[in-house]
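S.K.: 3D, please:
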Amino acid sequence: MSERYVVLSGCSGGGKSSILAELRRRGYAVVEEPGRRIIQSEMASGSQALPWVDIAAFARRAIETSLADRVAAAASAGWVFFDRGLIDAAVALEHATGEPAIERYGRPHRYHHTVFFTPPWPEIYASDPERRHGLDDALGEYRRLEHAYPALGYRLAVLPKVGVAARADAVLAALEVNAA
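M.R.: Have a look, this model is predicted:
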């Protein structure tokens with residue numbers, strides 16, 4: 001079942017959400033980024049589990065949300081595309097606290113063996129109310145993810161810096177090749 005679960009990860013602001021929107025438009029099941037959903041909820045309620053207030057609480061919420069997303073995804077047939085996911089949240093928690101979260105969550109909860117990575121793309125990077133960190137912080141996160149996924153046995157497929165439709169095509173073509 002987890003081989004149907006495909007993660008798009010990589011650099012913050014690298015175009016993951018746009019690719020997921022294109023995949024959704026083409027009829028595929030997608031799971032929105034846990035972090036953005038948490039930030040929206042926390043800001044609406046006045047709570048403090050925000051990455052710029054309490055990164056550890058935020059990462060723990062992202063882990064909980066990612067686990068729930070995996071359970072909910074079981075109801076979908078075919079490929080399910082995740083905008084980030086459990087491993088990204090575990091990397092954030094381990095970075096913030098030193099807790100061994102990557103191994104704890106990454107080994108038992110698997111995704112498709114190929115993880116699609118959006119590389120740093122300064123020309124399209126933009127902050128917004130939910131992404132308050134700068135490009136330097138995004139690059140640090142990218143390096144941590146770039147190390148964590150292969151350490152868990154995943155193959156990284158770095159997506160080209162091309163238009164959204166071509167990037168979605170690249171994801172689907174790679175999955176088709178891997179399915180053969």
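S.K.: got the buried residues for the helix or strand bottoming out on mean pLDDT in the chain?
M.R.: Ranking every helix and strand in the chain by mean pLDDT, DSSP states H and E puts helix 34-45 at the bottom, with a mean of 79. Of the residues in helix 34-45, Pro34, Gly35, Arg37, Ile38, Ile39, Glu42 count as buried by neighbour count, 16 or more other Cβ atoms under 10 Å. Where C-beta positions appear, they are placed from N, C-alpha and C, glycine not excepted.
S.K.: identify the residues contacting the host helix or strand of His147?
M.R.: Using DSSP states H and E, His147 falls within helix 135-151. Defining contact as Cβ atoms under 8 Å, 6 or more residues apart in numbering, one finds that helix 135-151 is touched by 9-13, 87-88, 90-92, 95, 102, 106, 115, 117, 119-120, 122, 125, 156.
S.K.: which is the next helix or strand following it?
M.R.: Using DSSP H and E, the helix or strand that follows helix 135-151 in sequence is strand 155-158.
S.K.: got the buried residues for that following strand?
M.R.: Using 16+ other Cβ under 10 Å as the test for burial, strand 155-158 gives no buried residues.
S.K.: re the thing from before, out of the contacts of helix 135-151, list just those in strands.
M.R.: Within those, residues falling in strands by DSSP state E are Ser9, Gly10, Val115, Phe117, Leu156.
S.K.: just the buried ones out of these, please.
M.R.: The neighbour-count test (16+ other Cβ under 10 Å) marks Ser9, Gly10, Val115, Phe117 as buried among those.
S.K.: flag whichever of those residues scores worst on pLDDT.
M.R.: For those, the model is least confident at Gly10; its pLDDT is 87.
S.K.: tell me the contacts of that one?
M.R.: Contacts here follow Cβ under 8 Å, 6+ apart; on that basis Gly10 touches Lys16, Phe116, Phe117, Thr118, Pro119, Tyr142, Leu145, Val158, Leu159.
S.K.: buried members of those residues into PyMOL, please.
M.R.: Filtering the contacts of Gly10 down to the buried ones (16+ other Cβ under 10 Å) takes a single PyMOL command:
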select buried, resi 16+116+117+118+142+145+159
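S.K.: ok, the contacts of Gly10 vs Asp83, which is closest?
M.R.: Of all those, Asp83 sits closest to Lys16, with 5.2 Å by Cβ to Cβ.
S.K.: right, and the closest one touches Glu22 too?
M.R.: No: at 10.9 Å, Lys16 does not count as touching Glu22 under the criterion of Cβ atoms under 8 Å.
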